[in-house]
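Trainee: kindly return the folded structure for what I paste below:
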Amino acid sequence: MTILVTGATGTVGRHVTELLVEKGAAVRALSRNPVKARNKLPQGVSIVAGDLMKPESLREALQGAEAMFLIVSSDEPEADLNTDPGVVKLAEAAGIKRVVVLVGYEEGAAEQTLQASGMHWTLVKPAEFMANALSDWQQTIRTEGVVREFHGAALSAKVHEGDIAAVAVAALLEDGHHRQSYMLTGPEAITRRQSVEAIAAAIGKPVPFIELSEAEARQQWRSQGYDEESVDFFVQMAIQPPEAGYTVLPTIEQVLGRPARTFAEWAVEHKREFL
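Mentor: Residues are numbered from 1 along each chain as shown. Next up, the predicted model:
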């Protein structure tokens, strides 16, 4: 089976690609920049050029593929992405039989088009990525040994990106996942402060948690280039996160037959990146 993987170098897509290769699938990775992608992907992965915002650019990439892992937004801050629903229509016309979508904050036009298609589909809807700890805290932990963060009591049932990928791969390779919308969480709801404590335990060094006031947090986000709408959203998500963001669900264990990995396990896996 040839599987087209979009976002193959992203936080989840990288794990999807590696797992598919391990399981013997023929993987075709879609990239806007195939040359750059080559250094980030396993040997044996075919890389093709294409842009999810320009459906016609995928025509060649889709030929001969039987399944597709589709991202609809990017987890890479510098990568603008809003997948055109025409990609889904083109995939069906090309003979794709099965599509797994990594859903962003909420479902959009691409997901709706997929659900109305004749293809088998599965939606994967993760809570906060554990990997966000790298983009949020890696720099200050490495350079200053501290974390400066707003509202340390904010809860999250954050999920390991490798577990998200494992569920996606199961849906790509196995029967029984058609029309499923999988909400994915980690095995526990932990606070921001507890997350930093887990990183400190993993690296064997104390990491003081410096709690920012709302005014300080707003200024920090502004200095990072975020607009006021985004800043307001960050504050709201910290003070009053949606219940779905911290409600632990057994989905990963139900799909994979093993428990979801904890943030403490994730921190040990990534400890070198904080040192």
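
Trainee: which residues in the stretch 151-275 of the chain form helices?
Mentor: 161-173, 192-203, 214-223, 228-239, 251-256, 263-269 (DSSP state H, counting those that start in this stretch).

Trainee: quick one: His151 and Arg192 touch, right?
Mentor: Yes - counting by C-beta atoms under 8 Å, Arg192 is a contact partner of His151 at 7.0 Å. In this view, the C-beta of every residue, glycine as well, is placed from N, C-alpha and C.

Trainee: out of the two, which sits in the busier spot?
Mentor: Arg192 (23 against 19; other C-beta atoms under 10 Å).

Trainee: comparing the helices of the stretch 151-275 of the chain, which comes out most buried?
Mentor: Each of those was scored by mean neighbour count; the highest is helix 161-173, a mean of 24, by mean count of other C-beta atoms under 10 Å.

Trainee: just the CA atoms of that helix, as CSV, please.
Mentor: Provided in CSV are the C-alpha atoms of helix 161-173 (Å, rounded to 0.1, in the frame of the first residue of the first chain):
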residue,chain,number,x,y,z
GLU,A,161,2.6,13.3,19.6
GLY,A,162,3.8,9.8,19.1
ASP,A,163,0.5,8.5,20.5
ILE,A,164,-1.4,10.7,18.1
ALA,A,165,0.6,9.3,15.2
ALA,A,166,0.1,5.7,16.4
VAL,A,167,-3.7,6.2,16.3
ALA,A,168,-3.5,7.7,12.8
VAL,A,169,-1.3,4.8,11.5
ALA,A,170,-3.8,2.3,13.0
ALA,A,171,-6.6,4.0,11.1
LEU,A,172,-4.6,4.1,7.9
LEU,A,173,-3.6,0.4,8.0
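
Trainee: count the residues that sit near Glu56.
Mentor: Glu56 has 12 nearby residues by other C-beta under 10 Å.

Trainee: who are the neighbours in contact with the spatially closest residue to it that is not a sequence neighbour?
Mentor: In this structure, Glu56 finds its nearest non-sequential neighbour in Leu90, 7.6 Å apart by C-beta to C-beta, 6 or more residues apart in numbering. By C-beta atoms under 8 Å, 6 or more residues apart in numbering, the contact set of Leu90 is 55-56, 58-59, 62.

Trainee: now those as CSV including secondary structure, pLDDT and distance to Leu20?
Mentor: Below are the contacts of Leu90 laid out as CSV (DSSP: H, G, I helix; E, B strand; the rest coil; pLDDT from 0 to 100; distance: C-beta to C-beta, whole Å):
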residue, secondary structure, pLDDT, distance to Leu20
Pro55, helix, 93, 23
Glu56, helix, 94, 26
Leu58, helix, 95, 19
Arg59, helix, 94, 22
Leu62, helix, 96, 17
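
Trainee: who's in contact with the nearest residue to Asp51 once chain neighbours are set aside?
Mentor: Distances taken as C-beta to C-beta, 6+ apart put Ser57 closest to Asp51, at 4.8 Å, once the chain neighbours are dropped. For Ser57, the contact set (C-beta under 8 Å, 6+ apart) comprises 49-51.

Trainee: can you classify Ser57 by secondary structure?
Mentor: helix (DSSP: H, G, I helix; E, B strand; the rest coil).

Trainee: and the strands in the stretch 51-200 of the chain?
Mentor: 67-71, 98-102, 120-126, 147-150, 155-156, 180-184, 190-191 (DSSP state E, counting those that start in this stretch).

Trainee: closest one to Leu173 among those?
Mentor: strand 67-71 (8.1 Å; C-beta to C-beta).

Trainee: the strands of the stretch 51-200 of the chain into CSV, with extra columns for mean pLDDT?
Mentor: Conversion of the strands of the stretch 51-200 of the chain to CSV gives the following (pLDDT from 0 to 100):
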stretch, mean pLDDT
strand 67-71, 97
strand 98-102, 97
strand 120-126, 97
strand 147-150, 96
strand 155-156, 96
strand 180-184, 97
strand 190-191, 97
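
Trainee: would you mind giving the ones you listed as TSV with mean neighbour count and distance to Glu269 added?
Mentor: Below are those laid out as TSV (neighbours: other C-beta atoms under 10 Å; distance: least, C-beta to C-beta, whole Å):
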stretch	mean neighbour count	distance to Glu269
strand 67-71	26	22
strand 98-102	25	21
strand 120-126	22	17
strand 147-150	20	19
strand 155-156	21	18
strand 180-184	18	18
strand 190-191	18	16
